[in-house]
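Enquirer: Below are the sequence and a predicted model for it; my questions follow.
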Amino acid sequence: MSEKQPHKRVIQGEVVSKAGNKSVTILVERKVVHPKYRKIVKRFKKYAVHDEQNSAKVGDVIVAIECKPLSKTKAFKLKDIVSVGV
């Protein structure tokens, strides 16, 4: 039998902080329809991402993939860097 891998969430966002060693914080923006006013509004959330090679810099846009929890707040790993910031 073939075992299927569980679906891993993939998020894309901009690096806003590079606090500790091997970790960055990204800001993910998503657009949702407001339930009452039916207008598209932006929602923001910050995620802590594990960066093994310390390659991401503040301002970069990166893609992160879900993994097992690495700490209290980190449950995503850096997949690749989409674009380099200023």
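Expert: Looks like it came in fine. Residues are numbered from 1 along each chain as shown.
Enquirer: switch to C-alpha atoms for all contacts and neighbour counts from now on
Expert: OK.
Enquirer: where along this protein do the strands fall?
Expert: 10-17, 23-33, 40-50, 61-66, 74-83 (DSSP state E).
Enquirer: any idea of the mean pLDDT in the third one?
Expert: The average pLDDT within strand 40-50 is 97.
Enquirer: List the buried residues for it?
Expert: For strand 40-50, the neighbour count (16 or more other CA atoms under 10 Å) marks 47-50 as buried.
Enquirer: Against residue 7, how distant is residue 60?
Expert: 26 Å (CA to CA, to the nearest Å).
Enquirer: ok, those two, which is more surrounded?
Expert: Between residue 60 and residue 7, counting by other CA atoms under 10 Å, residue 60 is the more crowded of the two (19 against 7).
Enquirer: In contact with that one, which residues?
Expert: 14-15, 81-86 (CA atoms under 8 Å, 6 or more residues apart in numbering).
Enquirer: want to try CSV for the strands of the chain, with distance to residue 3 as columns?
Expert: Formatted as CSV, the strands of the chain follow (distance: least, CA to CA, whole Å):
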stretch, distance to residue 3
strand 10-17, 21
strand 23-33, 31
strand 40-50, 27
strand 61-66, 19
strand 74-83, 23
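Enquirer: ok, back up a step: residue 74: which of the contacts of residue 60 is nearest?
Expert: Using CA to CA, residue 15 comes nearest to residue 74 of the contacts of residue 60, at 14.5 Å.
Enquirer: That closest one and residue 86: what is the separation?
Expert: As judged by CA to CA, residue 15 and residue 86 stand 12 Å apart.
Enquirer: Residue 14 too?
Expert: 12 Å.
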